[in-house]
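K.L.:
I'll drop the sequence and a predicted model, then ask my questions.
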Amino acid sequence: AQSVTQLDSHVSVSEGTPVLLRCNYSSSYSPSLFWYVQHPNKGLQLLLKYTSAATLVKGINGFEAEFKKSETSFHLTKPSAHMSDAAEYFCVVSDRRDDKIIFGKGTRLHILP
Amino acid sequence: DAGITQSPRHKVTETGTPVTLRCHQTENHRYMYWYRQDPGHGLRLIHYSYGVKDTDKGEVSDGYSVSRSKTEDFLLTLESATSSQTSVYFCAISDRAYEQYFGPGTRLTVT
């Protein structure tokens, strides 16, 4: 069975400092992994995706994530936070065998001026 | 943005009344989904469709039904709304069950 755990429900960083949002997953098959961002009162927008190609995935707005199979992790990073990055971020795992999509519970990112 | 709209965007209704939410896409994607989003729960899948007239239940399907008579429309119905169904509802589409594109959401309040 698949599962996804976002290790922090809230993360606060100062503007200009690095961002790390942590995600661990469980999948008995080769997973596809995604990060979505949701700004207040908006729908979800795809940030980046991993589908068994390069393990380091670059997304929009300077975000990237690295698939580490040995650690079953897919952490989201950004070198320098911007105020506009304040939002909620969701890690998602999909198992291509059964087409199920599992959402993490989200991490709310706060950017301090 | 993917061509996906939801209607209505906001609705207030009374307990016990029927409610139908509409999701419309212009992308001709095969898969369509209904989620609800509540604080502390993230997104939870209500129902999904993998083709016209082909639907299946998600993890929180009780009290909800869906229909898909055309590729572009996916309807979510609350037969008799309850206060526990107060939530924000999101529709999503996908051409495979991988990356999804989300609609803007419908905020439903049941009083």
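P.N.:
Cool, the structure landed.

K.L.:
pretty sure A:L20 is in contact with A:A81, am I right?
P.N.:
No - look at A:L20 against A:A81 with CB atoms under 8 Å: they stay out of range, at 10.3 Å. Yep, even glycine has a C-beta here, placed from its N, CA and C like the rest.

K.L.:
For these two, indicate the residue with more neighbours.
P.N.:
A:A81 (22 against 12; other CB atoms under 10 Å in any protein chain shown).

K.L.:
Could I get the contacting residues of B:A81?
P.N.:
Residues near B:A81 by CB atoms under 8 Å, 6 or more residues apart in numbering or on different chains: B:T13, B:E14, B:T15, B:G16, B:T17, B:P18, B:V19, B:L108, B:V110.

K.L.:
Helix or strand: which one has the residue nearest the centre of chain A?
P.N.:
Central residue of chain A (CA atoms, centre = their mean): A:W35, 3.6 Å from the mean position. Remark: A:W35 resides in strand A:31-38, with elements defined by DSSP states H and E.

K.L.:
Also A:V11?
P.N.:
strand A:10-14.

K.L.:
how about the next helix or strand after that strand against chain B, any contact?
P.N.:
Following strand A:10-14 in sequence order, the next helix or strand is strand A:19-21 (DSSP H and E). No - taking CB under 8 Å from any CB of the partner chain as the criterion, strand A:19-21 and chain B are apart, separated by no less than 13.8 Å.

K.L.:
about what we covered before: now, the contacts of B:A81 that are in strands?
P.N.:
Judged by DSSP state E, strands contain the following of the contacts of B:A81: B:T13, B:V19, B:L108, B:V110.
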